[in-house]
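[1] Whatever this is, show me its structure:
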Amino acid sequence: MTAARPLIRPFTALRPRPEHAAAVAAPPYDVLSSEEARVRAAGKPYSFLHISKAEIDLPDDVDHYAPEVYAKSAQNLKNLIDEGILRRDTRIDFVGGICGLPELERRVNSGEMAVAFAMHPTQLTELMSVADAGEVMPLKSCR
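    Predicted coordinates for the structure are as follows:
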């Protein structure tokens, strides 16, 4: 028996077509309640809130972590891709942290990419010290 490999792979970015960007744009999922998201997305079928907070398209009493919420999110994403609202953009790529800064530098120096950003994850020790102090990590805690 072989050990299962994790299913984590880089993927080509999805971006809205320029003419649909304003209709797709939405605040991050974690800054709005479901009710606020439901109000904001009303009458806006292309809003990304239909993907990031798909419970807004289901009955109010649904558990936000229920399998049908994830299924609805996947279906909403598929719909935006199938309708051509979102498209793959090969100009944006993910380079896993294991590749390190030399890979980012290689891609920029070769002209393959115009710019690269390195984001360092929050260290577990930082997370534990915040938890031990009874505090909460700030939203989107990336450095």
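[2] wait, is residue 87 part of a strand?
    Yes. Counting by DSSP: H, G, I helix; E, B strand; the rest coil, residue 87 is part of a strand.
[3] Which residue lies nearest the spatial centre of the protein?
    Nearest residue to the geometric centre of the chain (Cα atoms, centre = their mean): residue 52, 7.8 Å.
[4] Now that one. Nearest residue, chain neighbours left out?
    residue 29 (3.8 Å; Cβ to Cβ, 6 or more residues apart in numbering). Backbone N, C-alpha and C define where each C-beta goes, glycine included.
[5] before we move on, the earlier item: now do the same for the residue nearest to the centre of the chain: its pLDDT.
    We have a pLDDT of 95 for residue 52.
[6] Pretty sure it sits against residue 32.
    No. Under the criterion of Cβ atoms under 8 Å, residue 52 makes no contact with residue 32, lying 9.2 Å away.
[7] which of the residues in the lengthiest helix in the chain are buried?
    Across the chain, the helix with the greatest residue count (assigned by DSSP state H) is helix 67-82. For helix 67-82, the neighbour count (16 or more other Cβ atoms under 10 Å) marks 69, 72-73, 76-77, 80 as buried.
[8] Same check on stretch 52-69?
    52-58, 62, 69.
[9] Alpha carbons of that stretch, as PDB, please.
    Taking Å, rounded to 0.1, in the frame of the first residue of the first chain, the C-alpha atoms of stretch 52-69 are listed here in PDB:
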ATOM      1  CA  SER A  52     -17.400  32.900  -1.000                       C
ATOM      2  CA  LYS A  53     -20.600  32.900   1.000                       C
ATOM      3  CA  ALA A  54     -22.800  30.500  -0.900                       C
ATOM      4  CA  GLU A  55     -25.200  30.000   2.000                       C
ATOM      5  CA  ILE A  56     -26.800  33.300   0.800                       C
ATOM      6  CA  ASP A  57     -28.300  31.200  -2.000                       C
ATOM      7  CA  LEU A  58     -29.800  28.600   0.300                       C
ATOM      8  CA  PRO A  59     -32.500  28.800   3.000                       C
ATOM      9  CA  ASP A  60     -31.700  31.000   6.000                       C
ATOM     10  CA  ASP A  61     -31.500  28.200   8.400                       C
ATOM     11  CA  VAL A  62     -28.900  26.100   6.600                       C
ATOM     12  CA  ASP A  63     -25.700  25.300   8.500                       C
ATOM     13  CA  HIS A  64     -23.000  27.400   6.900                       C
ATOM     14  CA  TYR A  65     -20.600  24.500   7.000                       C
ATOM     15  CA  ALA A  66     -23.100  21.900   5.600                       C
ATOM     16  CA  PRO A  67     -22.000  20.000   2.400                       C
ATOM     17  CA  GLU A  68     -24.700  21.700   0.400                       C
ATOM     18  CA  VAL A  69     -23.200  25.100   1.000                       C
END
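[10] Cheers, nothing more for now.
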